[in-house]
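# quick one: sequence plus predicted model below, questions after.
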Amino acid sequence: MNDSPNILQALILGILQGATEFIPVSSSGHLVIAPWLLGWEKPSLLFDTMLHWGTLVAIFVVFWRDFLAMIRAWFLSIVQRSLADADARVAWFIIVGTLPAVIAALVFEEPLEAMFLHPRGVGFFLLVTAALLFVSEQITRRRGGAGRTLAQMTWLDAVVIGVAQAFALFPGVSRSGSTIAAGLGVGVRRDQAARFSFLLGSPAFFGAGLLQIVKVMRTDAAVLTDGLAPIAVGFVASAVSGVLAIHFLLRYLRTRTLYIFSVYCLGLGLLTIVLSYLQ
């Protein structure tokens, strides 16, 4: 059964969504595991959508200057037929990097949705996230820790990171984790990979949320006016915690590695799998 959570549940889930969307430990995994462990009803599709739009707001709050510069440069690149401006290139990289996830979501929508019902599968994919983070750091270490900036990215980099984002459609595979790991894998500097990961998430959050809203209106438009208080609380909590998480991770990754998040995903994944067998 899908239902609107109460105010406290909405606050907790909103904080979880905002924090774990950007900290590479899988927001989708936490939003499956937390209600399951606490015995809560699965939140409604509308509530889930508004949590994701809360994180979209967080991205715009932190990077609004970047978006204005990229939009301006993108239009000029079309008019001038030039990609000399780094902001224009990053804008095009975001468009290209979004396509794999869009295609995967359209092709595999139903089986992907079914996976959100099985905590054991989420636990397994958390182990995948742990492995991705660990391997990417090993690659960076062998390379000597140096890396390229967003201005030095290539089209191939954008495609590889975009494919990694598509794999994050599996619940338990962290979107930020998989895209940051892919960025490190192709040689982008750690903090720059995180920055691109956050910017890349904006069209995905907006498009997925819009499709979910359309789906809700087709199936049960009445839910748009039901339980608005918890939805508002979850939305605001997601946005605020998202802003804090973005600032935290960008500062953290300037001098530190992803290993701690890999260990966390490994532990949570194993715990989830064990508990799923005990229930």
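On my side now, so go ahead.

# do you know how far Lys215 is from Ile231?
As judged by CB to CB, to the nearest Å, Lys215 and Ile231 stand 16 Å apart. The way it works is simple: take the backbone N, C-alpha and C, and place the C-beta from them, glycine included.

# ok, Phe261 next?
As judged by CB to CB, Phe261 and Ile231 stand 29 Å apart.

# cool, and Phe170?
Using CB to CB, Phe170 is found at 26 Å from Ile231.

# who has more neighbours out of Lys215 and Ile231?
Ile231 (24 against 14; other CB atoms under 10 Å).

# OK, contacts around the more buried one?
Under the criterion of CB atoms under 8 Å, 6 or more residues apart in numbering, the contact partners of Ile231 comprise 4, 10, 46-47, 50.

# got the residues you listed as TSV, with secondary structure, pLDDT and distance to Leu253 columns?
Listed next are these as TSV, based on DSSP: H, G, I helix; E, B strand; the rest coil; pLDDT from 0 to 100; distance: CB to CB, whole Å:
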residue	secondary structure	pLDDT	distance to Leu253
Ser4	coil	68	36
Ala10	helix	94	30
Leu46	helix	80	33
Phe47	helix	86	31
Met50	helix	88	28
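
# quick one, phi psi at Arg148?
The phi and psi torsions at Arg148 (degrees, to the nearest 10) take the values phi -90, psi 160.

# nearest residue to the residue nearest the centre of the chain in space, please, no chain neighbours.
With distances taken as CA atoms, centre = their mean, the chain has Arg175 as the residue nearest its mean C-alpha position (3.9 Å). The spatially closest residue to Arg175, leaving aside those adjacent along the chain, is Ala168, at 3.7 Å (CB to CB, 6 or more residues apart in numbering).

# what of Asp66?
What sits nearest to Asp66 in space, not counting adjacent residues and going by CB to CB, 6+ apart, is Leu199, at 6.7 Å.

# may I ask you to confirm that the one you found is in contact with Ala91?
No - using CB atoms under 8 Å, Leu199 is not in contact with Ala91, being 9.1 Å away.

# list residues touching both of the two?
When contacts are counted by CB under 8 Å, 6+ apart, Leu199 and Ala91 have Met70 as shared neighbours.

# can you count the residues close to Phe235?
Phe235 has 23 neighbours, counted by other CB under 10 Å.

# can you tell me the SS state at it?
Taken by DSSP: H, G, I helix; E, B strand; the rest coil, the conformation at Phe235 corresponds to helix.

# where exactly do the helices run in the stretch 101-250 of the chain?
Secondary structure of the stretch 101-250 of the chain by DSSP state H, counting those that start in this stretch: the helices cover 109-115, 119-143, 155-167, 175-185, 190-220, 228-255.

# Ser202: what's it in contact with?
56, 59-60, 67, 94.

# now Phe205. Nearest residue, chain neighbours left out?
Closest residue to Phe205 in three dimensions, ignoring its sequence neighbours and counting by CB to CB, 6+ apart: Leu56, at 4.1 Å.

# show the pLDDT at the one you found.
Reading off the per-residue confidence, Leu56 sits at a pLDDT of 94.

# could you say which helix or strand holds it?
Leu56 is located in helix 45-80, with elements delineated by DSSP states H and E.

# next, the buried residues of that helix.
Using 16 or more other CB atoms under 10 Å as the burial criterion, the residues of helix 45-80 that qualify are 45-59, 62-63, 66-67, 69-70, 73-74, 77.

# please name the nearest non-neighbouring residue to Val135.
Spatial nearest neighbour of Val135, chain neighbours left out: Ala181 (7.2 Å); criterion: CB to CB, 6+ apart.
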